[in-house]
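*Asks:* turn this into a structure:
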Amino acid sequence: MPGSVVLPALACPVCGGALAPDALPRPSMLRCALGHSADIARQGYASLLRGRHATSGDTAAMVQARSDLLGSGHYGPIQAAVAEAVPDRARLVVDLGCGTGAYLAAVLDARPGACGLGLDLSAPAARRAARAHPRAAIATADLWQPLPLADASADALLTVFAPRNAPEMLRVLRPGGVAVVVTPRERHLHEIRAGLRMLGIDAGKAERLDEQLAGFTLADRRELDYTVSMTRDELRAEVLMGPSAHHVDAASLEAALTGQADVTGVTVAVTVSVFTK
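*Replies:* Numbers count the residues shown, from 1 in each chain. Got it, this is the predicted structure:
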C-alpha cells in the first residue's frame, strides 16, 4: 500500500508540518499538529491546494482527450523511457503534473518496489489519476507554490510535458535522487501543427532546461524519434489534450478536421533528460 511510503513524505500546504489521516482505513481528511486539514475526496485523492487559484488546470474535456490519446499507445515508447530512467532502488516516485497518471503507472509497473505520488492542479486529472495504479496516491497541488512535501523526501521526480519549479524540485529530492524530465523538440508533431493551429515549440528547449535546472547535474540525455499514424479522432485528441486546447475553438478545429483522412508518418520527437542531485 502506498500510505506507509507516501504519508511520511507529505507536508501541510499551510505550515509545512507533517500530515496524518483522521481515521483508518478510510480517512476523510489529513490533519497537521496545528489543526490545518486537507480533505480526501470520495474519488480517492487529497486536496493539498492552498487558497484560491486563478486557474484550475486541465478541464475534464482535456483530461478525457489525454486519456484517449495515451490509450492509443502512441506515447508508449516515452512511458517506457521514463520508467527505464527511474532506478530500481527508488521507493517514492513523485510525478509533478501527473495528468491522468499514465506515466507514473508505467514507472510503478516497471518498479514493483516503488510507490508513487502524483500531484496536479486539476481536479478532473486527479480523479482520473486516482484510478491509475494501486500503489499510487494522488493529490491536487499547485506546482508553482511550495510543494506539499517534506525536504529530501522523494527518490525520483517526474516532469513529463509539465511545469518545473526548480527550487522546489531541489528541496524535495533526496541527495542521489533523480529528476526525469520529458520535453518536446521542434520536430514534435510538425506534420500536423500548422494545419490544426497548434502552438509552436521553441528552439533551444534543452539549453533553457539546463539553465533552469542548474542546481542539478545532468546525468543522461536521450532523444526519442519515431513516427505514428493518427486517425481523425486521435488528431482531435492530440490538439485538445494540451495547451493548444486553450487557443483553438471547437468550430475552427472541426473545420480543420473536416474531410481529414488518417495521417501517416506523424513525428514524435522528445528529449528525456535525467538529472541527479
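*Asks:* any idea whether the most centrally placed residue in the chain is helix, strand or coil?
*Replies:* Nearest to the mean C-alpha position of the chain, by C-alpha atoms, centre = their mean, lies Cys98 at 2.6 Å. Using DSSP: H, G, I helix; E, B strand; the rest coil, the structure places Cys98 in coil.
*Asks:* give the bridge partners for the residue nearest to it when sequence neighbours are not counted, please.
*Replies:* Nearest-residue entry for Cys98: Gly118, 3.1 Å, with adjacent residues in sequence omitted and distances by C-beta to C-beta, 6 or more residues apart in numbering. Any C-beta I mention is one placed from the backbone N, CA and C, and that applies to glycine too. According to DSSP bridges, the residues that bridge with Gly118 are Asp95, Ile138.
*Asks:* count the neighbours of Gly118 for me.
*Replies:* Using other C-beta atoms under 10 Å as the criterion, Gly118 is surrounded by 30 other residues.
*Asks:* before we move on, what about Ala141?
*Replies:* There are 27 residues near Ala141, going by other C-beta under 10 Å.
*Asks:* would you agree it is in contact with Pro148?
*Replies:* Yes: Ala141 is in contact with Pro148 according to C-beta atoms under 8 Å; the separation is 5.4 Å.
*Asks:* anything in contact with each of these two?
*Replies:* Shared contacts of Ala141 and Pro148, defined by C-beta atoms under 8 Å, 6 or more residues apart in numbering, are found at 13, 48, 119.
*Asks:* most neighbours among the residues you listed, please name it.
*Replies:* For the shared contacts of Ala141 and Pro148, the largest number of neighbours (other C-beta under 10 Å) sits with Leu119, at 26 neighbours.
*Asks:* that residue and Ala132, how far apart?
*Replies:* 13 Å (C-beta to C-beta, to the nearest Å).
*Asks:* between these two, what contacts are shared?
*Replies:* Listed as contacting both Leu119 and Ala132 by C-beta under 8 Å, 6+ apart are Ile138.
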